[in-house]
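A.B. asks: predicted coordinates and the sequence they were generated for:
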Amino acid sequence: MDASWMAVDVDDEYEKLVIRMNPPSIFTPSLVFYVLGRYRVTVDNSSCENATLVKVESANKHGSLLEVVQILTDFNLTINRAYISSDGQWFMDVFHVTDQEGKKIVDDDVISRIKQYLGTWPCRVPCLKRSVGVQAAAKHTTIELTGRDRPGLLSEVFAVLSDLKCNVVASEIWTHNSRMASLVYITDESTGLPIDDPDRLVKVKEMLRNVLRGDRDKRSAKTAVSIGVAHTDRRLHQMMYADRDYEHNYANTKQEDVNDRGQPLVTVENFLDRGYSVVSLRCKDRPKLLFDAVCTLTDMQYVVFHATIMAEGSEAFQEYYIRHMDGCTVSSEAERQRLIRCLEAAIRRRSSEGLRLELCGEDRVGLLSDVTRIFRENGLSVTRAEVRTQGSQAVNVFYVKDASGHPVQSQTIEAIRNQIGEIILQVKDSTNSKSPPRENARFSLGSLFKSRSERFLYNLGLIKSYS
């Protein structure tokens, strides 16, 4: 067989699929692209009326799916549907994506960049400069914080950094199950450069560890300092997973919380005749949901062989056919429960609870310390935060709740607005969105399609829709 194997003339569409999914094992010029570890990327705007199709093919390796999803997510693309197949030594993924306004991707520059980043992933230099995403090693010192969450903790952390003459240029904070994980990117207040003095970094670590410990977290509080490249979302998932946030307070979960329709529904079953464990996930749709699920499966050393991802209205459906890296399916009830809890935790970590406060204004040293202190003095607790700097402007987003558990009062917001001063403050309520009804019975995405072979061919763009 020569290099023209991809152009073989086959009438049957399913036979074409089999050929594409089982490429030749000999080394030919047409395979150089894949042997080098890169992806073949096709961006299609003609096959679907309301979404751009991004098709990715390559030789298969562990983590390939996460790499692709991570890049698409860092481009701020919304993945409305996805079809994944990676049996054997080949994988083919099809993603239906739109921009944040729900429109197709028509900008040639954006399309070119998507192809470039996906096509050169193993050797690309990270340059998607966002507060959430890859941070440049040469510009910041990275601080990792993990510990027990409590009201006012964020205010204390930023106050210590301000006292130590550290300027916060970006940060992301997650809380879940009474645990907190945060990545804080800092520079020296006077020079604007990364802090690399070992003695000073040791002092920063010790001071922050004392803050995290407080009176009730003497053993589990952790701090780390580095000057390196980190993908913020991926690292936060790893930190909370290592902190075992999926276990904390699980036994004390209230029954009404379990029955809450806004909570994710995750099931795991074994299809022994096929040699797969099938993970089905159903929850309220939101940005980056696919990334969070795939990131967790990858970090837990599971391999996704097939998957179908759909978003219908405000609800998301995901179904994964997986095995452990050793080739085994989920082998015990304890493993099944742990997988379910970890996926539920991955979904909830980024869930936005409370009021969304957007602050935009002229950046200055100590700004975050002042703002979070004002929150604390007005009885508000931060549940999640995204902090970034654009030029001379601070662009910060905080999700806050009343520390006593009551709804945040309008007079509290007005008091905060008056105290903050020149900074622009916008308020958006993220707690009143309605979750769609759901059934408690197990669901299967496969039942939504006419037949397995027809669905597979249509998903991969090999046949037209019959509707």
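C.D. replies: Received the coordinates, thanks.

A.B. asks: hmm, which helix or strand of this structure has the shakiest average pLDDT?
C.D. replies: One helix or strand of the chain scores below all others by mean pLDDT, DSSP states H and E: helix 32-35, with a mean of 36.

A.B. asks: and the next helix or strand past that helix?
C.D. replies: Where DSSP states H and E defines the elements, the next helix or strand beyond helix 32-35 is strand 40-44.

A.B. asks: list the buried residues of that next one.
C.D. replies: Within strand 40-44, the residues scored as buried using 16 or more other C-beta atoms under 10 Å are 40, 41, 43. Glycine gets a C-beta too; all of them are placed from N, C-alpha and C.

A.B. asks: please identify the helix or strand for the nearest residue to the first one once chain neighbours are set aside.
C.D. replies: Nearest-residue entry for residue 40: residue 57, 4.6 Å, with adjacent residues in sequence omitted and distances by C-beta to C-beta, 6 or more residues apart in numbering. Secondary structure assigned from DSSP H and E places residue 57 in strand 52-59.

A.B. asks: give me the mean pLDDT for that strand.
C.D. replies: On average, the pLDDT along strand 52-59 is 91.

A.B. asks: got the phi and psi for residue 302?
C.D. replies: For residue 302, the backbone dihedrals are phi -100, psi 150 (criterion: degrees, to the nearest 10).

A.B. asks: dig out what the residue lying closest to it once chain neighbours are set aside forms beta bridges with.
C.D. replies: Of all residues not flanking residue 302 in the chain, residue 322 sits nearest, at 4.6 Å (C-beta to C-beta, 6+ apart). For residue 322, the beta-bridge partners under DSSP bridges are residue 277, residue 304.

A.B. asks: give me the pLDDT value at residue 322.
C.D. replies: The model reports residue 322 with a pLDDT of 96.

A.B. asks: distance of it from residue 62?
C.D. replies: In this view, residue 322 and residue 62 are 12 Å apart by C-beta to C-beta, to the nearest Å.

A.B. asks: surely residue 400 meets residue 384?
C.D. replies: No. With contacts counted by C-beta atoms under 8 Å, residue 400 stays clear of residue 384, the gap being 9.2 Å.

A.B. asks: neighbour-wise, which of these two wins?
C.D. replies: Relative neighbour count places residue 400 above the other of residue 400 and residue 384, with 25 against 22, counting by other C-beta atoms under 10 Å.

A.B. asks: which stretches of the stretch 301-450 of the chain form strands?
C.D. replies: Applying DSSP state E, counting those that start in this stretch to the stretch 301-450 of the chain gives strands spanning 302-312, 315-324, 355-362, 380-390, 393-402, 424-429.

A.B. asks: for residue 277, which of those is the nearest?
C.D. replies: strand 315-324 (5.3 Å; C-beta to C-beta).

A.B. asks: in that closest one, what's buried?
C.D. replies: By neighbour count on 16+ other C-beta under 10 Å, the buried set for strand 315-324 is 316, 317, 318, 319, 320, 321, 322, 323.

A.B. asks: save these as JSON lines, and put in distance to residue 119 too.
C.D. replies: Shown next, in JSON lines, are the buried residues of strand 315-324 (distance: C-beta to C-beta, whole Å):
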{"residue": "316", "distance to residue 119": "28"}
{"residue": "317", "distance to residue 119": "30"}
{"residue": "318", "distance to residue 119": "26"}
{"residue": "319", "distance to residue 119": "28"}
{"residue": "320", "distance to residue 119": "26"}
{"residue": "321", "distance to residue 119": "27"}
{"residue": "322", "distance to residue 119": "27"}
{"residue": "323", "distance to residue 119": "28"}
